[in-house]
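Colleague: got a predicted model here, sequence first, then my questions.
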Amino acid sequence: MTTKTYDAIVIGGGPGGYVCAIRLGQLKQKVLCVEKDEVGGVCLNWGCVPSKALIATSHTFEKIQHGATVGISADNVRIDVPKMQAWKQGIVKKLTGGVRGLLKGNGAELLYGDARVVGPNRVQVKTKEGATETFEAKAIVIATGSSTIEIPSFKFDGKQIIGAKEAVSLHEVPKRLLVIGGGVIGLELGCVYQKFGSAVTVVEATAGLLPGVDPDCTAVVEKALVKRGATIVKNALAKGYERNKDGSISVAVEVKAPDGSVKQEKIVADVVLVAVGMRPNGAGLGLEEIGVKVERGFVPTDNVGRTNVPSVYAIGDVSGVPMLAHKASKEGEVVAEVIAGHKAAKDWVAIPGAIFTDPEIAVVGLSETEAKEKGIDVRVGKFPFAALGRAMAVNETDGFIKVVADKNSHEVLGVHIVGPSATDLISEGALAVEMHAFLEDIGLTIHPHPTLGEGLMEASMHALGQAIHVMNR
Ligand code: NAI
């Protein structure tokens, strides 16, 4: 039997892998993409996209419930969870079907199976049908993503002790939801279920929610969560649980007080969502056996995405943080270009982050603290959504836009937004940071009125002491 050969084999069909395979196809490379589950990876199948469908629905549900403020009366507003789930699954189906179509349309072959690297240019695949096939390729791209971290004392049972995967597919709204981990997943899904009526408790190990995010932004989200009835327990570790006779679960939580003393608490819940992070899927692929460096599951690469073995590349979550779909896709494009012999590199200035809580948080570039830590003299402009006509008109005035710039050159170093449509608004900030734009570039650009985007223009002018709709310092 002759071994099939390719220019490149991409292992993993998530937003890193499928984008890489499509670009390779566009660049006339003979490419095989191997996926063990379904194309689209975590992002399309149970992560980014499905969760956004639930988030949007919960937002609409809440808006209708509180419609009286804006003159909409509706009685007996209910949520039909199975119907919502079917709608959400329809979106997943459309998107994964679209990806398959794009792979095919661009000449990339797709094979369902479990791949293992057996040489610097050799991949073995145990196909879904049970056959074992071996392929050769000039380049191998590892795009295997990351997996949910499980806490040993909270082994997933798929029903009451669950991870994000199950949490986006619940067919009932839990009465009491305990979220372990006040990070991105915990708060996004916590927001969803509290809007659907769950009593939500968040148990977070550290002293603050969303570690790494500007605390001014986090404070706005925390306030909103609490206002909607959530209980937030910080400096707290969930240690274990017991099942109660009525079917509920009692979770033992160890809470550290500011004086260092430790208190034991019991929190009763119907469902426990564990969201304490993801770990990279770099181990068990045969990489170490062929000399590829794997560090704590990550596969380190250089600035073109190449590992220490020149024919092997890595992209996305498995190649390093931040574990974000848009970073994976960009790396996929870069690596495809490099394999095809083009000049490309991972030379971006910053990677934006978007958190779909309510209100949303979106950030790009340096925070005020990070800039100061780098010894940069900064000027900061801030504009509250409460001063923006459009924010009032959509009845979402919590939050602000903050611009961090170099005090002397006025170069925009970072943009931090908490508030309505923050995740859409951040793209203008990302462009500014990427282009090394100055405050004046944003401030002097005419922004359409009345839009939320005016807030970024005003924040930039505020940093210059020239904002119109807020007092300057
Ligand atoms: P995360 O790293 O964002 O948050 C985990 C949280 O759990 C942290 O606050 C941590 O202090 C806390 N924690 C850890 N162990 C704990 C324990 N034993 N008890 C209590 N708290 C504990 O991880 P998360 O939320 O699971 O998200 C995973 C990844 O998925 C993130 O790295 C993120 O990159 C990605 N993601 C991104 C989204 C977005 O950009 N909108 C949405 C969802 C996920």
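Modeller: It's in.

Colleague: report the contact partners of Lys36.
Modeller: Tyr112, Gly113, Asp114, Ala115 (C-beta atoms under 8 Å, 6 or more residues apart in numbering). (C-beta placed from N, C-alpha, C; glycine too.)

Colleague: repeat that with 6 Å
Modeller: Residues in contact with Lys36 (C-beta atoms under 6 Å, 6 or more residues apart in numbering) are Asp114.

Colleague: doesn't Ala430 fall inside a helix?
Modeller: Yes. The assignment for Ala430 (DSSP: H, G, I helix; E, B strand; the rest coil) places it in a helix.

Colleague: dump the residue contacts of it.
Modeller: Contacts of Ala430 (C-beta under 6 Å, 6+ apart): Pro352, Val364.

Colleague: show me what from the stretch 51-200 of the chain comes close to the ligand.
Modeller: Residues of the stretch 51-200 of the chain lying near the ligand by C-beta under 6 Å from any ligand atom: Ile151, Ile180, Gly181, Gly182, Gly183, Val184, Ile185, Gly186, Glu188.

Colleague: could you dump those residues into JSON lines with neighbour count and pLDDT added?
Modeller: Formatted as JSON lines, these follow (neighbours: other C-beta atoms under 10 Å; pLDDT from 0 to 100):
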{"residue": "Ile151", "neighbour count": "17", "pLDDT": "97"}
{"residue": "Ile180", "neighbour count": "23", "pLDDT": "98"}
{"residue": "Gly181", "neighbour count": "23", "pLDDT": "98"}
{"residue": "Gly182", "neighbour count": "28", "pLDDT": "98"}
{"residue": "Gly183", "neighbour count": "22", "pLDDT": "98"}
{"residue": "Val184", "neighbour count": "25", "pLDDT": "98"}
{"residue": "Ile185", "neighbour count": "24", "pLDDT": "98"}
{"residue": "Gly186", "neighbour count": "25", "pLDDT": "98"}
{"residue": "Glu188", "neighbour count": "23", "pLDDT": "98"}
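
Colleague: just the ones of the residues you listed in helices?
Modeller: Those of those mapping onto helices are Val184, Ile185, Gly186, Glu188, per DSSP state H.

Colleague: what's the closest of those to Ala432?
Modeller: Checking those against Ala432 by C-beta to C-beta gives Val184 as the nearest, at 23.8 Å.

Colleague: please look at the closest one and Thr357 and confirm they touch.
Modeller: No. Using C-beta atoms under 6 Å as the test, Val184 is too far from Thr357 to be in contact (8.3 Å).

Colleague: from the ligand, how far out is Ile401?
Modeller: Between Ile401 and the ligand the computed distance is 19 Å (C-beta to the nearest ligand atom, to the nearest Å).

Colleague: burial check on that residue, number of neighbours?
Modeller: The tally of other residues near Ile401 (other C-beta atoms under 10 Å) stands at 30.

Colleague: and Val179, by the same measure?
Modeller: Residues near Val179, counting by other C-beta under 10 Å: 29.

Colleague: show me what contacts it?
Modeller: So Val179 contacts Gly186, Gly190, Val202, Leu273 (C-beta under 6 Å, 6+ apart).

Colleague: equivalent analysis for Ile11, please.
Modeller: Val34, Ala115, Ile142, Thr144.

Colleague: mind redoing it with 10 Å?
Modeller: Residues near Ile11 by C-beta atoms under 10 Å, 6 or more residues apart in numbering: 17, 32-36, 114-117, 123, 125, 140-144, 281, 285, 312, 314, 318.

Colleague: and Thr127, its phi and psi?
Modeller: Taking degrees, to the nearest 10, you get phi -70, psi 160 for the backbone angles of Thr127.
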